[in-house]
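Novice: Have a look; sequence and predicted model below, questions after that.
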Amino acid sequence: MDKALFEINPGLDRPALARRFAERTRVQVRDVLTPQTAREIQSILQTTRWSLAMRGGDSADTPPQSISNAELATQAGVEKANRLGRQAQEASARGDYGFRYAHYPIVEALSQGWDPGGPYELLLEYLNAPDFLDLVREVTGIPEIVRADGQATFYAAQHYLGRHIDSHVAEGWRVAYVLNVAREDWHPDWGGYLTFLDEDGDIVEGFRPRFNALNLFAVPQSHAVTYVPPFAPTGRYAITGWLRDR
């Protein structure tokens, strides 16, 4: 692998980041990559052919659904997206778990051979390479982390991720990550914030979508991604996933 294509910023204050994570079980690492690396990842996401991920309820009868880019080009796919979108909206109105956002499921795409030798194949390799895993182990203080999964995500207008806790500890999830490559001038009014909530539902911390910023937080803990309003001129690009101990 060409290190220059995924290069960690050598100037990070890792001890300070580790102290912050130890205090709050979460941290935003700004300027985590070199600018060249971050711009390259941003350009990959900007040219991605997105699928839609949606869910309307948190029971076993309402599993998450994904509608592929090819399906979205058909009338049946559009009708399915509209139906699932309504279900997500109705679930969220009831206070149940719902979400709607665009995604590219990297692990699934690689296992099914969607784009052999494509950029996401390399990105997943970089996320599992020693440079990145050593960084997150050092910052989180969790030496047991051995691998990362991931999906590319795009929160456009009317997209959001409802409050949930990521409780899949039995599957090896230890830390969730969000590698943001949002527009550098992202305005707070455009939403898309990663928020953390206490037991009373109050927001105790929120991370603005930023260009070249890595959010790390231990799971489980209550969090959400806030609604992107229709007037937002662009969407929130990121690579997201979990860092696992198995």
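Specialist: Received, thanks.
Novice: May I see the buried residues of stretch 139-158?
Specialist: For stretch 139-158, burial by neighbour count (16 or more other CB atoms under 10 Å) applies to 139, 140, 145, 148, 149, 150, 151, 152, 153, 154, 155, 156. Using the backbone N, CA and C atoms, a C-beta is placed for each residue, glycine as well.
Novice: out of the residues you listed, which are inside strands?
Specialist: Among these, the ones falling in strands (DSSP state E) are 148, 151, 152, 153, 154, 155.
Novice: which of those residues sit farthest apart?
Specialist: Farthest pair in these (CB to CB) is 148 and 155. Separation: 20.5 Å.
Novice: Which single helix of the protein contains the most residues?
Specialist: Longest helix of the chain, by residue count under DSSP state H: helix 75-94.
Novice: Name the residues of it that are buried.
Specialist: Neighbour counts over helix 75-94 (16+ other CB under 10 Å) mark 77, 80, 81, 84, 85, 87, 88, 89, 91, 92 as buried.
Novice: Closest one of these to residue 114?
Specialist: Using CB to CB, the buried residues of helix 75-94 come closest to residue 114 at residue 77, 16.9 Å.
Novice: Pop out the phi and psi values for the nearest residue to the closest one once chain neighbours are set aside.
Specialist: The spatially closest residue to residue 77, leaving aside those adjacent along the chain, is residue 71, at 3.4 Å (CB to CB, 6 or more residues apart in numbering). Taking degrees, to the nearest 10, you get phi -60, psi -40 for the backbone angles of residue 71.
Novice: Just list the residues touching residue 9, thanks.
Specialist: 31, 32, 33, 34 (CB atoms under 8 Å, 6 or more residues apart in numbering).
Novice: Tally up the residues packed near residue 185, please.
Specialist: Neighbour count for residue 185, taken as other CB atoms under 10 Å: 9.
Novice: try residue 62
Specialist: Using other CB under 10 Å, residue 62 is surrounded by 17 other residues.
Novice: buried ones in stretch 63-70?
Specialist: For stretch 63-70, the neighbour count (16+ other CB under 10 Å) marks 65, 67 as buried.
Novice: I am finished for the moment; much appreciated.
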